[in-house]
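A.B. asks: Next come a sequence and a model predicted from it.
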Amino acid sequence: MIEVLLQSFVIGLSGALSPGPLSASILGMTHKKPLVSTAGLVAGHGLVELLVVFGISLGLRSLPFRTELALLGCAVLVLFGILQFRAGQEEGTRTADGRNPFLAGIVLTLSNPYWWIWWLTFGAGFLALQPAYAEFFAGHISADALWFGVLAVTASRGAVILGEKYRWVVKGSGAAMAAFGVLFAFSIFSA
């Protein structure tokens, strides 16, 4: 099933490369230990995805109250964005989630409405056609770990180069996260 592993890696990479709440969160994390922070974020994100893959293997294909859950997710993204924006005002940037990247990975994943849409449509459909659950998960989460690791190291080096000016990057990523929440809400209401 190496084919599924490679396909899921490419699919996962295409999703990870898209700017979103997890990318914005990485830019706002503590830059003293970027790989440790990113490992926590990816582990939290991966736990949620592992549970979804497990649910799909048991027959989960739809979710009740999708609109309400999506709107709740939008509100959480806006809140996290505001917290990260405010954290960018402090000297020595830190995470907006209380310095817990694992928890941030879980919350940001669950609060992203497009993540739900992707998994309940494409993810479930792909696994229905090729039910290689372990291989799909391994390839998919490997892509997330690779891209977010590269992003974290790059952001860390940028923080060193920019010095105190990096707080504007943190503020900008917080504003972007809040904007994602607002844009997601508008797309829900316009659908």
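C.D. replies: Here it is on my side, so go on. Residues are numbered from 1 along each chain as shown.

A.B. asks: I'd guessed Leu50 sits against Phe137; true?
C.D. replies: Yes - judged on CB atoms under 8 Å, Leu50 makes contact with Phe137 at a distance of 6.1 Å. Quick note: C-beta positions are derived from backbone N, CA and C, even for glycine.

A.B. asks: more neighbours, these two?
C.D. replies: Each of Leu50 and Phe137 has its neighbours counted (other CB atoms under 10 Å); Phe137 has more, 21 against 15.

A.B. asks: For burial, what's the neighbour tally of the closest residue to that one other than its chain neighbours?
C.D. replies: Excluding its sequence neighbours, the residue lying closest to Phe137 (CB to CB, 6 or more residues apart in numbering) is Val53, at 4.9 Å. Residues contacting Val53 under the criterion other CB under 10 Å number 21.

A.B. asks: Tell me the confidence at Val53?
C.D. replies: Looking at Val53, its pLDDT is 92.

A.B. asks: And Arg61, by the same measure?
C.D. replies: Per-residue pLDDT puts Arg61 at 66.

A.B. asks: how about Phe85, what does it touch?
C.D. replies: Residues in contact with Phe85 (CB atoms under 8 Å, 6 or more residues apart in numbering) are 96, 170-171, 174-175, 178.

A.B. asks: actually Glu49, not the one I typed
C.D. replies: Glu49 makes contacts with 109, 119, 137, 140-141, as judged by CB under 8 Å, 6+ apart.

A.B. asks: Tell me which residues touch Val42, please.
C.D. replies: Counted by CB under 8 Å, 6+ apart, Val42 has contacts 105, 141, 144-145, 148-149.

A.B. asks: how does it look with 7 Å?
C.D. replies: 105, 144-145, 148 (CB atoms under 7 Å, 6 or more residues apart in numbering).

A.B. asks: Go through these and name the one nearest Ser156.
C.D. replies: Comparing the contacts of Val42 against Ser156 with CB to CB picks out Phe148 as the nearest, at 12.2 Å.

A.B. asks: unless I'm mixing things up, that closest one is touching Ala24, no?
C.D. replies: No - counting by CB atoms under 7 Å, Ala24 is not a contact partner of Phe148; they are 11.5 Å apart.

A.B. asks: Where does pLDDT dip in this protein?
C.D. replies: 14, 29-32, 61-66, 69-70, 88-99, 191 (pLDDT under 70).

A.B. asks: center of it, which residue is that?
C.D. replies: Leu22 (3.2 Å; CA atoms, centre = their mean).

A.B. asks: Which element, helix or strand, includes the spatially closest residue to that one that is not a sequence neighbour?
C.D. replies: Leaving aside its sequence neighbours, Leu22 sits nearest to Leu108 (CB to CB, 6+ apart; 5.5 Å). Following DSSP states H and E, one finds Leu108 within helix 101-110.

A.B. asks: what's next to that helix, contact-wise?
C.D. replies: With contacts defined as CB under 7 Å, 6+ apart, helix 101-110 is touched by 21-22, 25, 29, 37, 40-45, 47-48, 73, 76, 80, 95, 97, 115.
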